[in-house]
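Chemist: quick check, what structure comes out for this input:
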Amino acid sequence: MKYNTIYLVCILSIFAKIGLAQSFVSTIPFSEEINWKNVEIKNQEDLKSTFLTQIKDFDRLVKENYCTKKELLNYLHVVDFNGDSFFDIIYEGPSGAEPNMIVIYLNSENGFKEIFNDWQGISKIEMHEGKFSGLYIDDPGCCGDPGAFMKYYSISYQGSTPKFIQIIESRYFNGCNSVLPKKSFDKPIKFRVNNDNYNLRFAPEVNDKYGHCWDEMKGNIIGVINKSEIGYALDEITDSKGKTWWFVAFPPKTNFSFLEYGEYEDESYWELGWISSSFVTKIK
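Modeler: This next block holds a predicted model:
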């Protein structure tokens, strides 16, 4: 069973991320999905039509039957992104390929200009003093890829021009019977792994049988962690046998001897998954 998105947000420096990890939990919106009615400006169908007259990028979606004209209008969200009283456009919908896309257009006296794009969907928007200040994106994967991604962008301004800075990207397994928690500890628990070859799993249960998920995959193991590596527990589950499982985040540059994601192995991701809490040491 898979629950809604979790986000891990911290500052750019890897060392600062590790040092301030105890504060991330306040920025993890468990079980949260964006409600566009809370951020978009109503009754702006004329502006949407004007936008589509100026920006022709979306004509092909209707012509190639990815959506109807009515559906396309519903994928456009009118907002005042930068607080300048010009109404801007966020598109979130079909891309013409398997994943959805996100495109943001800033409006001015000179018309609409694209300022941001990414894949899949926005799950939360932060506002500060009438401007968009943070953007959470959930990319649950596409095209058979089990590696799913969560991103957070901080938004700053020079005048009315926004600048997007990707602060953190985390990765979880989105396939088979993967599980994400729906709540969190008040404070994450910092810990050290005591044993070599400690398994990171996509669900809080031991399953080491080939063919459980895919023929070539060993049960629900998505990573193998080496001794002395540092992680952060965000939630826990106790199973029917009394075994405690932690949902954990391992920071970038953690020493894994194996990661299931293959060609997508990268030192820039926080890796998410479940471990047994039996052979770890809590660190203050």
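
Chemist: the stretch 151-284 of the chain: strands as residue ranges?
Modeler: 161-173, 189-193, 198-201, 221-225, 230-238, 244-250, 256-259, 270-276, 280-282 (DSSP state E, counting those that start in this stretch).

Chemist: need the ones you listed in a markdown table with mean pLDDT, mean neighbour count and distance to residue 81, can you?
Modeler: Yep, even glycine has a C-beta here, placed from its N, CA and C like the rest. Listed next are the strands of the stretch 151-284 of the chain as a markdown table, based on pLDDT from 0 to 100; neighbours: other Cβ atoms under 10 Å; distance: least, Cβ to Cβ, whole Å:
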| stretch | mean pLDDT | mean neighbour count | distance to residue 81 |
| --- | --- | --- | --- |
| strand 161-173 | 88 | 19 | 7 |
| strand 189-193 | 95 | 18 | 37 |
| strand 198-201 | 96 | 22 | 38 |
| strand 221-225 | 94 | 23 | 37 |
| strand 230-238 | 92 | 20 | 31 |
| strand 244-250 | 94 | 22 | 30 |
| strand 256-259 | 89 | 16 | 37 |
| strand 270-276 | 93 | 24 | 28 |
| strand 280-282 | 96 | 14 | 43 |
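
Chemist: in a markdown table: the ones you listed, plus distance to residue 155.
Modeler: A markdown table is the format used below for those (distance: least, Cβ to Cβ, whole Å):
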| stretch | distance to residue 155 |
| --- | --- |
| strand 161-173 | 5 |
| strand 189-193 | 29 |
| strand 198-201 | 32 |
| strand 221-225 | 32 |
| strand 230-238 | 25 |
| strand 244-250 | 23 |
| strand 256-259 | 31 |
| strand 270-276 | 21 |
| strand 280-282 | 36 |
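
Chemist: residue 72 is nearest to which of those strands?
Modeler: strand 161-173 (24.5 Å; Cβ to Cβ).
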